[in-house]
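Undergrad: Quick check, what structure comes out for this input:
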Amino acid sequence: MPDSAPSAAKTPRVRFAPSPTGFLHVGSARTFIFNWLYARHNHGTMVLRLDDTDLERNTEASVQSIFEGLRWLGLDWDEEYKQSSRLDLHRRQAEAIFAKGLAYRDFTPAHAGDDNQSSAQGAWLFNPGMREMSREESDRRAASGEPFALRYRVPRDQGRNLSFTDGVYGEQSKPADEVEDFALLRSDSFPTYHLASCADDADLGITHIIRGQDHLTNTFKHLLIFEGLGVQPPQFAHLPLLVAPDGAKLSKRKHGAVVSVTTYRDAGFLPQAFVNFLCLLGWSPKDDREFLSLDELTAAFTLEGVNRANAVINFTDADPFDPKAVWLNAEHIRALPVDELAPLLGPFFSRGGFETTPEKVLAVTPLIRERIKLLRDAVSAADFFFLPQLAPYDPAELIPQKGDAAMALRVLQHALEVLPAINFDHDSLDQALRAAASHMGLKAGQAFQPIRVAVCGRKNAPPLFETMAVLGRDVCLARIRQAEASLQSLAV
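TA: Numbers count the residues shown, from 1 in each chain. Next up, the predicted model:
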């Protein structure tokens, strides 16, 4: 059932509002996912809004990276906006707040704390000379072209508390006297983050703001802006932070590519597995399940399941991926039908320099599906299927346990006699090679190891008969002859 909430009569409208200042961060991806799940669970609307008003830091490459990452996740959105195309709205809303007497012009070029009133903690709160300037003087200086910032006139000396109920952290309150007179418009007339975000949320009818816990303290300012706009504030829910093993907040600058969504994609994570993993960072279903499909996540997701404690992504310098993420990916790979998995493996073989066909990859996929944890693992698990010539290996690998080179040579020579005359399918290979082992008085394992190493170039390989059937008769015979030749010197 949809979440019960004070505004339950309204169909939820949530938004994801990234700033295009770099690649899509895993924390941002989780915020998007939680918003998406909340919207879909409650039959609401998912809004994507690019908060792209930071002209100095925004780049088109970052915009494309965000869209690239979101599309890879496979989650859609219902409406899309760019904040930079809404600047006129922001300025009109700022002027409306100013007209109500809830904001004032600050002509200070750059406030430097010595002359400014401070709180008990020493934090700057406002410039008395600017806050108390008459409207006539303010209008005269503005008309003369003097640049100014527009600041919110935070109510003071009224004993007022700013408060809200957070969907995760519960009751939150802060004295208005401790909030600085924050800017709405900068001196270049561009809106600040606070104004643009709230003006857009109000205009777009956002009912629930679900975002990172690092924005929680901003909410007190946002309550004042919504009040100044004359609208009911949305409900807020702040998500616990994602942190590194040492407890530090995950940072693009400090931790690099390990916090980028595309790093997971390029390593061979399935999007559904990555979504599953991120959901378990700070949220859990009531029954403590870990492997969940997207439909199951959508059905189970509620804000009540979000934890307050920060969530740790366990990575190291040697391994950038959390073991649970890798385990979940392996589980999702095993759950994926072969005809859906095979096309996902093809590009990794191509990147590895192998010439493949869709038909060959489809035949190989069921043989390695249980043996890989990441899609990229397919290259090392199945390279011998596509190599024209096996890489050199130690001929001693051909010798079975409790056997010698002469035994291995006899097995290979017998295989060369048997294999040309049989059908090259699983059942025929199984029957013929087991009969050959019996004829030579060997256990199946002793007879199969030389053949497995000969055709695969390794002991650890997929099931022998299926592998040989995919490789084909000609390849298998050629590789067995090559192995036979390499054993001649050991068998002397």
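Undergrad: all contacts plus neighbour counts: C-alpha atoms, from now on.
TA: Will do.
Undergrad: can you give me the offset of the helix or strand that contains residue 87 from its chain's centre?
TA: Residue 87 belongs to helix 87-99 when elements are defined using DSSP states H and E. Distance of helix 87-99 from its chain centroid, counting by Cα atoms, centre = their mean, to the nearest Å, is 36 Å.
Undergrad: list the helices and strands it packs on?
TA: Helix 87-99 sits against strand 183-185, helix 193-203, helix 218-229, with contacts defined as 3 or more Cα pairs under 8 Å, 6 or more residues apart in numbering; DSSP states H and E.
Undergrad: Show me what counts as buried in the helix or strand containing residue 264.
TA: Element membership of residue 264, judged by DSSP H and E, is helix 261-267. Buried residues in helix 261-267, counted by 16 or more other Cα atoms under 10 Å: 261, 262, 263, 264, 265.
Undergrad: would you list these in CSV and tack on pLDDT and distance to residue 186?
TA: Putting the buried residues of helix 261-267 into CSV (pLDDT from 0 to 100; distance: Cα to Cα, whole Å) gives the following:
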residue, pLDDT, distance to residue 186
261, 95, 33
262, 93, 34
263, 94, 36
264, 96, 38
265, 96, 39
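Undergrad: any idea of the pLDDT on residue 113?
TA: At residue 113, the model reports a pLDDT of 34.
Undergrad: pLDDT-wise, which helix or strand of the protein ranks last?
TA: Sorted by mean pLDDT, DSSP states H and E, the helices and strands of the chain end with strand 117-118, the least confident at a mean of 44.
Undergrad: How about residue 449, nearest residue that isn't a chain neighbour?
TA: In space, and not counting its chain neighbours, residue 449 is closest to residue 400: 5.8 Å by Cα to Cα, 6 or more residues apart in numbering.
Undergrad: Tell me how many other residues crowd residue 188.
TA: 9 (other Cα atoms under 10 Å).
Undergrad: And it, which helix or strand is it part of?
TA: Counting by DSSP H and E, residue 188 is found in no helix or strand.
Undergrad: hang on, residue 281 packs against residue 312?
TA: Yes. Residue 281 is within contact range of residue 312, at 7.3 Å (criterion: Cα atoms under 8 Å).
Undergrad: Common neighbours of these two, please.
TA: Residues within reach of residue 281 and of residue 312 at once, by Cα atoms under 8 Å, 6 or more residues apart in numbering, are residue 242.
Undergrad: Between the two, tell me which one has more neighbours.
TA: residue 281 (22 against 19).
Undergrad: Could you pull up the contacting residues of the more buried one?
TA: 242, 311, 312, 313.
Undergrad: Can you give me the distance of it to residue 236?
TA: 19 Å (Cα to Cα, to the nearest Å).
Undergrad: Then residue 282?
TA: 17 Å.
Undergrad: what do you get for residue 448?
TA: Residue 448 is 64 Å from residue 236, by Cα to Cα.
Undergrad: Who has more neighbours out of these two?
TA: residue 448 (23 against 20).
Undergrad: Quick check: which element contains that one?
TA: Here residue 448 is assigned to helix 444-456, by DSSP H and E.
Undergrad: Let me see the residues that make contact with stretch 242-249.
TA: 27, 241, 250, 281, 310, 311, 312, 313, 314, 315.
Undergrad: Which segments of this structure make up each domain?
TA: 13-81+195-243, 88-185, 252-333, 336-385, 395-488 (automatic domain parsing).
Undergrad: Can you tell me how far the nearest residue to residue 462 once chain neighbours are set aside is from residue 352?
TA: Distance criterion Cα to Cα, 6+ apart; nearest residue to residue 462, sequence neighbours excluded, is residue 367 at 5.7 Å. From residue 367 across to residue 352, the span is 19 Å (Cα to Cα).
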